[in-house]
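S.K.: my questions are about this predicted structure, shown below with the sequence.
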Amino acid sequence: MDYIRRMRDLREDADLTQAQVAAKLGTSQTMYARYERGANELPIHHLIKLCELYHVSSDYFLGLRDTP
């Protein structure tokens, strides 16, 4: 599983909208949607915030491990 799919799955499992996650990252919903589609690379500072938000390791988020 690639990180793009895992990013969407984590958001949906947390019952959050793209707009809610974007607000937590300090970006627009449009930009966050581009991250989820893979149209833009996810900046490292957003990766860190997303890992903190979902309480998972970066290895899990990036698909390098199957355990959060």
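M.R.: It's in.
S.K.: my guess is residue 38 contacts residue 4. True?
M.R.: Yes - using CB atoms under 8 Å, residue 38 makes contact with residue 4 at a distance of 4.7 Å. Where C-beta positions appear, they are placed from N, C-alpha and C, glycine not excepted.
S.K.: in which helix or strand does residue 41 reside?
M.R.: Under DSSP states H and E, no helix or strand contains residue 41.
S.K.: burial count for it?
M.R.: The number of residues packed near residue 41 is 10, by other CB atoms under 10 Å.
S.K.: roughly how far does it sit from residue 31?
M.R.: Counting by CB to CB, to the nearest Å, the gap from residue 41 to residue 31 is 11 Å.
S.K.: try residue 21
M.R.: With distances taken as CB to CB, residue 21 is found 11 Å from residue 31.
S.K.: where does the prediction get shaky in the chain?
M.R.: Applying pLDDT under 70 to the chain flags residues 1.
S.K.: where along it do the helices fall?
M.R.: Under the criterion DSSP state H, the chain carries helices at the ranges 3-13, 18-25, 29-37, 44-54, 58-61.
S.K.: which of these sits closest to residue 67?
M.R.: Closest of these to residue 67 is helix 58-61, at 6.6 Å (criterion: CB to CB).
S.K.: residues making contact with that closest one?
M.R.: 3, 6-7, 10, 47-48, 50-51, 54, 65-68 (CB atoms under 8 Å, 6 or more residues apart in numbering).
S.K.: same check on stretch 9-16?
M.R.: 17, 18, 21, 36, 50, 53, 54, 56, 61.
S.K.: now, of these, which are buried?
M.R.: By neighbour count, with 16 or more other CB atoms under 10 Å, those hold 18, 21, 36, 50, 54, 56, 61 as buried.
S.K.: return the member of those nearest to residue 27.
M.R.: Out of those, the member with the shortest distance to residue 27 (by CB to CB) is residue 21, at 9.0 Å.
S.K.: burial check on residue 43, number of neighbours?
M.R.: Number of residues near residue 43 (other CB under 10 Å) recorded here: 13.
S.K.: likewise residue 35?
M.R.: With other CB under 10 Å as criterion, residue 35 counts 24.
S.K.: one more: residue 42?
M.R.: Considering only other CB under 10 Å, residue 42 is surrounded by 19 other residues.
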